[in-house]
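Visitor: What follows is a predicted protein model with its sequence.
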Amino acid sequence: MATDSPVDSPVKPESKLGARVRNFLIAIVAIALSVALFLGLRSETTSASLTKLDEASIPLEVAISNGKPSLVEFYADWCTVCQKMAPDIAQLEQQYAEKLNFVMLNVDNTKWLPEMLKYRVDGIPHFVFLGKDGETIAQAIGDQPRTVMASNLEALVTGSSLPYAQANGQISKFSAPVTPTTSQDDPRSHGNQVVN
C-alpha cells in the first residue's frame, strides 16, 4: 500500500515555477529598494550642507582685505536654523560669487572667539555684512528668508543701505520713563514692611 506523504511526494512543476516567480519578484523589489535608498542618500549628500559651505568659504583674512564686500555667517553644526538656511545660502553664494565674499565661522571653534566678541555674537545664525573696506555695515540674527537675504546682499553689492538688517551702531530710539516709587503698597517694594 503506497501512501503519498507530503514529505515524500515529488514537487509539481507548477510549484517550482511559482517559487521561481516569487523569488524573482523578491529580487526585483530588493533591487528597486536598494536603488531608491542609494539615490535618496546620494541626493541628500549632494544638497547644500554647512560643511560644504564651510569648505567653500573664503578665509576671513582674505575677505577683509580683497576689496569685495562680504557676508560673514556665524553658525554651528547643531543649529537647526543654520541647517535649514544652508540651501538658500548656497544658492545666494552661487548667484553673488563674483561680487561678494562668503565667510563661514563655526562658533564651536574657539579660534573665532575674538571675532564673536568683536561682532557681539549672542545668537546663531548671526550674519555680519562687511563693506569693501572690511568694516561692519550691518548685522542680522536668526532665520532670514532667502528673499530678505537677497535684498540685503543686493544692497551690499550696490553700496546702498541694507533694508533688512540692523545698521552698525544703530540702537532703538524707544525710552521708557523711569519714575521711582516710594509707596509701601508697591509689591516690588521690600522695605518698611511690618511683620506681626
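Guide: Nice, thanks for sending it over.

Visitor: okay, CA-based contacts and neighbour counts for the rest of this
Guide: OK.

Visitor: ok, which stretches of this structure are helices?
Guide: Ranges of helices in the chain, per DSSP state H, are 13-46, 50-56, 60-65, 80-96, 113-118, 146-158.

Visitor: Going by mean pLDDT, which of those comes out lowest?
Guide: Mean pLDDT values for those show the minimum at helix 13-46, a mean of 73.

Visitor: From the centroid of the protein, which residue is nearest?
Guide: residue 82 (1.9 Å; CA atoms, centre = their mean).

Visitor: returning to that earlier point: could you dump the helices of the chain to JSON lines with distance to residue 130?
Guide: Formatted as JSON lines, the helices of the chain follow (distance: least, CA to CA, whole Å):
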{"stretch": "helix 13-46", "distance to residue 130": "29"}
{"stretch": "helix 50-56", "distance to residue 130": "18"}
{"stretch": "helix 60-65", "distance to residue 130": "8"}
{"stretch": "helix 80-96", "distance to residue 130": "14"}
{"stretch": "helix 113-118", "distance to residue 130": "13"}
{"stretch": "helix 146-158", "distance to residue 130": "8"}
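
Visitor: Just want to check the distance between the residue nearest to the centre of the chain and residue 64.
Guide: Between residue 82 and residue 64 the distance is 23 Å, computed by CA to CA, to the nearest Å.

Visitor: can you check residue 18 too?
Guide: 71 Å.

Visitor: Who has more neighbours out of the two?
Guide: Neighbour count, other CA atoms under 10 Å: between residue 18 and residue 64, residue 64 has more, with 20 against 11.

Visitor: For the nearest residue to that one once chain neighbours are set aside, grab phi and psi.
Guide: Once flanking residues are discounted, residue 64 sits nearest to residue 134: 4.4 Å by CA to CA, 6 or more residues apart in numbering. Backbone geometry at residue 134, expressed as degrees, to the nearest 10, gives phi 90, psi 0.

Visitor: Surely residue 134 touches residue 62?
Guide: No - using CA atoms under 8 Å, residue 134 makes no contact with residue 62, being 9.8 Å away.

Visitor: Between those two, which has more neighbouring residues?
Guide: Counted by other CA under 10 Å, residue 134 and residue 62 do not tie: residue 134 has more neighbours, with 19 against 13.

Visitor: can you count the residues close to residue 146?
Guide: Number of residues near residue 146 (other CA under 10 Å) recorded here: 15.

Visitor: thought it was touching residue 86?
Guide: No - Residue 146 is beyond contact range of residue 86, at 10.2 Å (criterion: CA under 8 Å).
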